[in-house]
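Asker: Pasting the sequence and the predicted model now:
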Amino acid sequence: MLSLSNAFNRQDMEDFQKKIKNFLNIKSNFELSSEPKIDGISASLRYEDGKLVYGLSRGDGIFGEDITENLLTIKEIPKYLKNAPKVIEIRGEVYIGKKDFEQFREKFANPRNAAGGSLRQKDSNETKKIPLKFFAYGIGDMLPKNFKTQSDLLAEIKKWKFPVNSLCQKISSIDEIETNHAKIETLRGNLNYDVDGIVYKVNNLNFQDRLGSTSNSPRWAIAYKFSSVK
């Protein structure tokens with residue numbers, strides 16, 4: 001699970017689009033999947049023949065910690081997927097809502113800290129006492145691969161009863177990116193979860209495969225950060 005490159009302004013996003021066009025040798029605009037960047041703890045859930053077999057933390061990006069028992073305490077995470085591929089890894093973000101965090105404020109510094117500490121508990125019965133939530137945002141391994149776009153994938157993930165953020169949408173032009181960024185930055189103070197930016201992913205999964213990754217981050221995605229804390 002690689003980390004994402006960051007963008008901080010319109011020029012950074014224009015450069016991101018330009019690099020992708022140059023790499024793919026295309027001139028026309030391409031669709032992006034816009035997804036709020038939840039400030040939580042990343043996790044990967046592996047399902048085989050529809051059954052959840054284990055769940056891992058991001059760890060160092062290559063090796064993650066087995067946190068299966070703690071993830072199983074999250075009611076929003078399905079234990080079984082109906083009509084799923086033979087093998088699929090669902091990736092997402094574990095978080096605690098701002099309102100729920102109020103009762104743990106004396107124990108944890110912030111909601112992200114609360115989510116991370118809860119997932120590292122050795123006793124899952126203790127984790128069960130924390131109202132953790134989950135947003136799914138993508139996949140790792142999948143056999144067979146039968147999706148064409150990120151937005152199609154998110155729609156199917158939602159059918160499997162995973163929570164998918166309602167603010168996700170398809171976007172193409174730089175003006176749409178800027179409008180969407182300003183809109184969600186304005187909304188963020190009223191959301192019941194922490195958001196520190198927007199992740200933009202090339203929507204075409206074939207393009208994603210062609211773009212690949214550097215040693216540190218995928219070429220097909222970027223996190224457009226917000227300018228200030230709300």
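Answerer: Good, I have the coordinates. Numbering: from 1, shown residues only.
Asker: Isn't Gly40 up against Arg112?
Answerer: Yes: with contact defined as CB atoms under 8 Å, Gly40 counts as touching Arg112 (6.0 Å). All C-beta spots, glycine's among them, are computed from the backbone N, C-alpha and C.
Asker: for this structure, longest strand please?
Answerer: Longest among the strand segments of the chain by residue count, using DSSP state E, is strand 132-143.
Asker: Pass me the low-pLDDT residue ranges in the protein, would you?
Answerer: Residue ranges of the chain with pLDDT under 70: 1, 59-63, 228-230.
Asker: in it, which spans are helices?
Answerer: Assigned by DSSP state H, the helices in the chain fall at 10-24, 68-71, 98-101, 111-119, 124-127, 150-159, 174-187, 205-211.
Asker: buried ones in the longest one?
Answerer: Translated: helix 10-24. Judged by neighbour count (16 or more other CB atoms under 10 Å), helix 10-24 contains these buried residues: Met13, Phe16, Gln17, Ile20, Leu24.
Asker: burial count for the nearest residue to Gln169 once chain neighbours are set aside?
Answerer: Leaving out its chain neighbours, the residue that sits closest to Gln169 by CB to CB, 6 or more residues apart in numbering is Ser34, at 5.3 Å. Neighbours of Ser34 under the rule other CB atoms under 10 Å: 23.
Asker: Is Ser34 in contact with Ile171, as I believe?
Answerer: Yes: using CB under 8 Å, Ser34 is in contact with Ile171, at 4.8 Å.
Asker: okay, and the common contacts of these two?
Answerer: Ile177, Asn180, Tyr200 (CB atoms under 8 Å, 6 or more residues apart in numbering).
Asker: so the last one makes contact with Leu32?
Answerer: Yes: taking contacts as CB under 8 Å, Tyr200 lies within contact range of Leu32: 4.6 Å.
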